[in-house]
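Engineer: Next comes the sequence, and after it the predicted model I'd like to discuss.
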Amino acid sequence: MNLKLQLLCDAPEAVALVQRYWAVDAAGQYREKVSDLLPFRAFTRPAQITQYVREQCRVFDLNQACPRCGEPVRITSRSAARPSPQRSSRPCERCAGKIEQAMREARAQAEKTLADSLQAYMKARPSGTVDYAAVTDDIALLLIALHEALEPAMAQGTFGSAECRALAPKHVGHFIRRLYQAGVLLEEPSQAQRGTYFLKDGQLRVKDSQRVYALMPGIPPGQLRAVLAAYHQRSFNDAPRLFDLWLDYAEADCMAYFEAQCILYAHQLYDDEHAEVRSALRGGLEHYCVAQMWSAICRVVRDAASLANRTYYDRAKASATLPGKLRRYLERARREAFELKGCTRPEVQPPGALGMVFQDLFGIDENTTGTMVWATFAHRSEEWMATGEPTSWMAARRLMVRALQSDMPFATLERFAQTLKAGVALEAAIDEVLARLPAAGA
């Protein structure tokens, strides 16, 4: 042992105790056990002696050199001393102070850079007000669903992404981004918890799950329910936007089921494989219903699980076959036109607020095929009606759509019946009644 003592006391008995505590013999062993130093004053336990000695002197081990400056490092216990010279794994007190100071300055600079970046980010946010009466049909549906998922938080001010879990079974962040990109949501960094925004490689990054949003200005205080009530009265005739939103929702509903099945059978997929599965599901949903897609998922996941039990396969290889299995199964189902059975909705996977909005407004649920969903939306607008139908069929469909858009279904049917009763031919009667209805979009 090669120790240097720096006494902090001058009382003879304290000095003597310190010297006895740290004294070593020629073999480098401590001369006395700590318990042999008792009793001392009112101390009755070795731990009290150790603490007292630590307060009365500073000890430097000359056998341990600071890795930065080579000076001896301070030790605070007998066990920390080393019998032979070596480089210490920690710096001396002076170097440690310099390191701590440098770290404080670096943290302060990083916080300043983050604050400046965040300030610029907030200044770049959209400003002004939104005409909520003019939003597109898909955004109107999402706002209705978001209100049902968040009530009353949506009307009270800000809300976090994590609070929107009831919006859909999966991919809630996608629907929130869709609203944000449409300009109806305003990001509120000042309301987010610490650590939501951070710098990485000099760029401002954000944890999506911790973002905080608020509705863009444009709704008078207390009028949110009135705005949403007006949405319920819409004709909802933008078929492409509505169908695209339904595909997003149905895909999320299927992915929630898929991931639950993968957990059940211990399958793990990479991000690119997840993307392939989503693509296959979206293609299938244009023709089949969600319940049928669940059945297809269940089949291919079980097939992959049985494959993993073969001697020349393992779980990872079997999991990698899932995207191809699903796509091939759906293609064969369409090519051979065999019926896909449907599954019932799992109790642990509710449809979410958006699913309930589709069901309440359009009668669409997990048993409605993609073909029927498109027809449901397309038949609400003359613009998206099928062009391959006979002229008389198209005229009849146009009559029904126009009657619903004009909110005159009963009056239209009554006038049509009177026209037929007067002896007018069927196609001529359709044209006559159609001519008396307001033009589309009027």
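Structural biologist: Nice, thanks for sending it over.

Engineer: distance of residue 153 from residue 426?
Structural biologist: Counting by CB to CB, to the nearest Å, the separation of residue 153 from residue 426 is 54 Å. The way it works is simple: take the backbone N, C-alpha and C, and place the C-beta from them, glycine included.

Engineer: now swap in residue 24 and tell me
Structural biologist: 116 Å.

Engineer: Helix or strand for residue 199, just tell me which one.
Structural biologist: Assignment of secondary structure by DSSP states H and E places residue 199 within strand 197-200.

Engineer: Counting by contacts, list what the next helix or strand after that strand packs against.
Structural biologist: Next along the chain after strand 197-200, taking DSSP H and E as the criterion, comes strand 203-206. For strand 203-206, the packing partners by 3 or more CB pairs under 8 Å, 6 or more residues apart in numbering; DSSP states H and E come out as helix 93-123, strand 197-200.

Engineer: most packed of these?
Structural biologist: strand 197-200 (a mean of 14; mean count of other CB atoms under 10 Å).

Engineer: same for that strand, what does it pack against?
Structural biologist: Strand 197-200 is packed against helix 93-123, strand 203-206, with contacts defined by 3+ CB pairs under 8 Å, 6+ apart.

Engineer: sorry, back to before: now the helices and strands packed on strand 203-206 as JSON lines including mean pLDDT?
Structural biologist: Shown next, in JSON lines, are these (pLDDT from 0 to 100):
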{"stretch": "helix 93-123", "mean pLDDT": "92"}
{"stretch": "strand 197-200", "mean pLDDT": "90"}
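
Engineer: just to revisit the earlier point, of the helices and strands packed on strand 197-200, give the one that comes closest to residue 295.
Structural biologist: strand 203-206 (38.6 Å; CB to CB).

Engineer: Name the strands paired with that closest one and say parallel or antiparallel.
Structural biologist: Strand 203-206 has the following sheet partners, assigned by DSSP bridges: strand 197-200 (antiparallel).

Engineer: List of residues touching the partner strand?
Structural biologist: Strand 197-200 is contacted from outside by 110, 113-114, 117-118, 121, 189, 204-207, using CB atoms under 8 Å, 6 or more residues apart in numbering.

Engineer: between these, which is closest to residue 301?
Structural biologist: Nearest to residue 301 among the contacts of strand 197-200: residue 207, at 30.7 Å, using CB to CB.

Engineer: Leaving out the residues flanking it, which one is nearest to that closest one?
Structural biologist: Spatial nearest neighbour of residue 207, excluding adjacent residues (CB to CB, 6 or more residues apart in numbering): residue 196 at 5.3 Å.

Engineer: Surely the one you found and residue 211 touch.
Structural biologist: Yes - if you go by CB atoms under 8 Å, residue 196 and residue 211 touch, sitting 6.8 Å apart.

Engineer: Those two: who's more crowded?
Structural biologist: Set residue 196 next to residue 211 and count neighbours by other CB atoms under 10 Å: residue 211 wins out with 23 against 18.

Engineer: where's that one relative to residue 115, distance?
Structural biologist: 18 Å.

Engineer: got it, and residue 217?
Structural biologist: According to CB to CB, residue 217 and residue 115 sit 25 Å apart.

Engineer: likewise residue 62?
Structural biologist: Counting by CB to CB, the gap from residue 62 to residue 115 is 46 Å.

Engineer: Residues in contact with stretch 57-71: which ones?
Structural biologist: Stretch 57-71 has contacts (CB under 8 Å, 6+ apart) with 1-9, 18, 22, 72-76, 80-92, 94-95.

Engineer: Filter those down to the ones in strands?
Structural biologist: Counting by DSSP state E, the contacts of stretch 57-71 place 3-7, 72-75, 86-87 in strands.

Engineer: mind putting these in TSV, pLDDT and neighbour count included?
Structural biologist: Formatted as TSV, those follow (pLDDT from 0 to 100; neighbours: other CB atoms under 10 Å):
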residue	pLDDT	neighbour count
3	89	16
4	90	12
5	91	15
6	90	9
7	90	12
72	92	18
73	92	23
74	92	18
75	90	18
86	91	11
87	91	10
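
Engineer: from these, which two are the most distant?
Structural biologist: 7 and 87 (27.4 Å).

Engineer: can you list the domains in this structure?
Structural biologist: Split into domains by automatic domain parsing, the chain comes to 3-91, 132-232, 239-374, 388-436.

Engineer: Would you format these as CSV with distance to residue 380 included?
Structural biologist: As requested, those are exported to CSV (distance: least, CB to CB, whole Å):
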stretch, distance to residue 380
domain 3-91, 73
domain 132-232, 10
domain 239-374, 7
domain 388-436, 6
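
Engineer: Confidence-wise, which of the ones you listed is weakest overall?
Structural biologist: Across the domains of the chain, domain 388-436 has the smallest mean pLDDT, namely a mean of 80.

Engineer: buried ones in the helix or strand where residue 59 lies?
Structural biologist: For residue 59, the host element (DSSP H and E) is strand 57-65. Applying a neighbour-count criterion of 16 or more other CB atoms under 10 Å, the buried positions in strand 57-65 are 57, 59-61, 63-65.

Engineer: Over to stretch 142-151?
Structural biologist: So for stretch 142-151, counting by 16+ other CB under 10 Å, buried means 142-150.

Engineer: Stretch 318-325 now?
Structural biologist: Residues of stretch 318-325 classed as buried: 318-323, 325 (neighbour count, 16+ other CB under 10 Å).

Engineer: and these, which two are the farthest apart?
Structural biologist: By the measure CB to CB, 318 and 323 form the most distant pair in the buried residues of stretch 318-325, at 12.2 Å.

Engineer: on that earlier part again, what sits against the residue nearest to residue 207?
Structural biologist: Here residue 196 is in contact with 189, 206-207, 210-212 (criterion: CB under 8 Å, 6+ apart).

Engineer: Take the buried residues of stretch 142-151 and keep only those in strands.
Structural biologist: Per DSSP E, the subset of these in strands is empty.

Engineer: What helix or strand is residue 213 located in?
Structural biologist: strand 212-215.

Engineer: Let me see the residues that make contact with that strand.
Structural biologist: 154, 157-161, 176, 180, 184-189, 191-192, 196, 224.

Engineer: Drop anything exposed from those residues.
Structural biologist: The neighbour count (16+ other CB under 10 Å) marks 154, 158-161, 176, 180, 184-189, 192, 196, 224 as buried among the contacts of strand 212-215.
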